[in-house]
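1. sequence first, then the predicted structure:
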Amino acid sequence: SSLPTSSSRACEAACGTTPLRASDRSPGVSDADYVVYVTAYPYASTGTIASASYCRQDSAQSRPLVGHINWNPQLLSNETTVDAVRIENQISTMIHELGHALGIAGAPWFPGGMLELNDTVTTNSETSFGTTTVTRNGKTATLLVSPRALREARSYFACETLDGVEIEDGGGSGTAGVHWEKRLFETEMLNGLDTTPLSWMSPVTFGFLEDTSWYRMNYSYCQNRSLTWGYQKGCDFVTTPCNATANAASGEYCFETTDTGTDSEPFPRQCTHDLLSIGICRATSWSSVPMNFQYFADATKGGVSDVRDYCPTVEFATMCISSASVDAQAIYGSTYGSSSRCFASNLINSSFTASTVRSARCFATACGESSISLTIDGVSVPCPTDGSAGNATLPSSLTASYTGYVTCPAYATLCLRNGTHRVVVDALTALLRA
């Protein structure tokens, strides 16, 4: 059978100035359940990377039949040789937009009904169907309560009493109401602000897509092993402010933003939460910060993004995983590439004085059966053999050339919940087969 892609002009208009092929309009695209058109037209706002929507739906179940994704050509890499991480970041963006084109489009979230766990479909014409509102951290939060998305969120955060998946309320039109809350889903593909080199597809997103009653999802394609943000941190991580005692100590957020140092590294470097990059704990001054999001003595100070509820995090500056990263001076022993990870370290060539300010380095890393090893200048360096966090033991062949320390994370932190390199094509394939 054929799928006519334009019973009206809605789809053609959505695809910009490019008319659809006549054969797509009639008789239609053969052997297709869903068709997506991809264009590359510039936006008035050069900061917009891409956008997507669906533009034709099945009359019986409201399932999207035709979608449209537009990419800003000004932000699409056209370099002859593109760094692998940049390619993956752009593929992540395409998967994100494909999610919108498949139906992650905000209220009404379930126009075709909601698939219950017993595989019956519940219908409701109310725009708010499948959601509820609660007061949380001084704001009114909208929560998605569909069964599979909620089941997967409860499992991920280790919170059996979780009352819903929080939907983004910041960022304005195009961000608010159509993404997962950035504060809770920092590295998930369907959050509304791209601030990390890599992002990952979670079972929460797959759960929602299945809850729409339109798709059957293969959860084995979810990238659980690489999702670490908030993983198993419990109910308090979700329901309390980011500066609550447990959250402030959990590693996702940072509050030591005033230590400027006194030596050659005026901004203290530290590892991002996923250990993929070296970054800086950044805060900025706002004209005003809502009282419920004030985490510092200075009431105008907050994290660099209001979409994250002003929570400060270590913002990446140098990607350990990118072979394109370089040191201004080759004096730190760092190595950059897909196997490299970030370590708390002030290691430096012994011709220099080691910094007393918090700092970090990138080293090629290998995970053994129960412990970590890293490579510095071609020399293998062991972390604690019991898998605990602690200083690496530098052999004499390195101490003759370098001074300083290297602190290893726990084996479970780096090796069990941190994928060596995600396979984004699998996630894309899963969505296309949904």
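-> That came through, no problem.

2. pull the helix or strand with minimum mean pLDDT from this structure.
-> Lowest on mean pLDDT, DSSP states H and E among the helices and strands of the chain sits helix 424-433, with a mean of 50.

3. quick one: contacts for the most centrally placed residue in the chain?
-> Residue closest to the average C-alpha location in the chain (C-alpha atoms, centre = their mean): T187, at 2.0 Å. Neighbouring residues of T187 by C-beta atoms under 8 Å, 6 or more residues apart in numbering: T196, L198, S199, W200, L227, T228, W229, D274. Heads up, the C-betas are built off the backbone N, CA and C, glycines and all.

4. neighbour-wise, give me the winner out of those residues.
-> S199 (28 neighbours; other C-beta atoms under 10 Å).

5. got the phi and psi for it?
-> Main-chain dihedrals, S199, degrees, to the nearest 10: phi -130, psi 170.

6. skipping its backbone neighbours, what lies nearest S155 in space?
-> Computed as C-beta to C-beta, 6 or more residues apart in numbering, the closest residue to S155 that is not its neighbour in sequence is P203, at 7.6 Å.

7. my read is that the one you found contacts R154, right?
-> No. Taking C-beta atoms under 8 Å as the definition, P203 is not a contact partner of R154, at 10.9 Å.

8. which one of the two has more residues nearby?
-> Neighbour count, other C-beta under 10 Å: between P203 and R154, P203 has more, with 23 against 19.

9. ok, that one to L275 distance?
-> Distance, P203 to L275, using C-beta to C-beta, to the nearest Å: 22 Å.

10. residues contacting stretch 131-143, please?
-> Contacts for stretch 131-143 (C-beta under 8 Å, 6+ apart): 107, 109, 144-145, 163-167, 169, 177, 181, 239-241, 290-293, 309.

11. report the contact partners of the residue nearest to S155.
-> Counted by C-beta under 8 Å, 6+ apart, P203 has contacts E152, S155, Y156, Y219, C222, N224.

12. what about burial for these, which qualify?
-> Neighbour counting with 16 or more other C-beta atoms under 10 Å marks E152, S155, Y156, C222, N224 as buried within the contacts of P203.

13. tell me if the second one really is in a strand.
-> No. Under the criterion used here (DSSP: H, G, I helix; E, B strand; the rest coil), S155 is helix, not part of a strand.

14. state the pLDDT value of it.
-> S155 carries a pLDDT score of 96 in this model.

15. was I right about Y221 contacting S202?
-> No. With contact defined as C-beta under 8 Å, Y221 does not reach S202; the gap is 10.9 Å.

16. tell me which of these two has more neighbours.
-> S202 (28 against 18).

17. and that one, how far is that from V307?
-> When distance is defined by C-beta to C-beta, S202 is 18 Å away from V307.

18. what's around the nearest residue to T123 once chain neighbours are set aside, how many residues?
-> Once flanking residues are discounted, T123 sits nearest to G113: 4.1 Å by C-beta to C-beta, 6+ apart. Look at G113: counted by other C-beta under 10 Å, it has 19 neighbours.

19. give me the distance between G113 and T120.
-> Relative to T120, and taking C-beta to C-beta, G113 is found at 9 Å.

20. and stretch 23-32, average pLDDT?
-> In the prediction, stretch 23-32 has an average pLDDT of 81.

21. return the set of buried residues in it.
-> D24, R25, G28, V29.

22. re the thing from before, residues contacting the residue nearest to T123?
-> Q61, V121, T122, T123, N124, S213.

23. would you turn these into JSON lines with distance to Y41 and pLDDT?
-> Listed next are those as JSON lines, based on distance: C-beta to C-beta, whole Å; pLDDT from 0 to 100:
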{"residue": "Q61", "distance to Y41": "31", "pLDDT": "91"}
{"residue": "V121", "distance to Y41": "37", "pLDDT": "96"}
{"residue": "T122", "distance to Y41": "39", "pLDDT": "96"}
{"residue": "T123", "distance to Y41": "37", "pLDDT": "94"}
{"residue": "N124", "distance to Y41": "37", "pLDDT": "92"}
{"residue": "S213", "distance to Y41": "33", "pLDDT": "96"}
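
24. among those, which two are most distant?
-> Greatest spatial distance among those (C-beta to C-beta): Q61 and N124, at 14.2 Å.

25. I'd guess C415 is in a helix, am I close?
-> Yes. Under three-state DSSP, C415 falls within a helix.

26. change the start of the numbering to 402 and stick with it
-> In the new numbering, first residue 402, that becomes C816.

27. number of residues surrounding the residue lying closest to it once chain neighbours are set aside?
-> Nearest in space to C816, with sequence neighbours left out and distances taken as C-beta to C-beta, 6+ apart, is C768 at 3.7 Å. Neighbours of C768 under the rule other C-beta under 10 Å: 17.

28. in the protein, which spans are helices?
-> Taking DSSP state H as the criterion, the chain carries its helices at 411-415, 423-426, 485-503, 548-558, 604-612, 636-640, 646-649, 797-800, 812, 825-834.

29. out of those, which is closest to I722?
-> Nearest to I722, of all those, is helix 485-503, at 5.7 Å by C-beta to C-beta.

30. measure how that closest one sits relative to helix 604-612, angle-wise.
-> Here helix 485-503 runs at an angle of 30 degrees relative to helix 604-612 (axes from the mean of the first three to the mean of the last three C-alpha atoms, to 10 degrees).

31. give me the buried positions along helix 485-503.
-> Buried-residue list, helix 485-503, by 16+ other C-beta under 10 Å: 486, 489-491, 493-503.

32. export the buried residues of stretch 424-433 to CSV and append columns for distance to V715.
-> Converted to CSV, those look like this (distance: C-beta to C-beta, whole Å):
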residue, distance to V715
D425, 47
R426, 51
G429, 50
V430, 46
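
33. out of the residues you listed, which comes closest to T814?
-> V430 (47.0 Å).

34. might you list the low-confidence residue ranges for the stretch 602-751 of the chain?
-> By pLDDT under 70, the weakly predicted segments of the stretch 602-751 of the chain are 626, 658-668, 729-730.

35. all strands for it, in order.
-> Along the stretch 602-751 of the chain, counting by DSSP state E, counting those that start in this stretch, strands occupy 670-672, 678-682, 685-686, 702-703, 715-720, 741-746, 749-750.

36. contacts for the second one next, please.
-> What that stands for is strand 678-682. Contacts of strand 678-682 (C-beta under 8 Å, 6+ apart): 598, 655-658, 668-673, 713-722, 743, 761-763.
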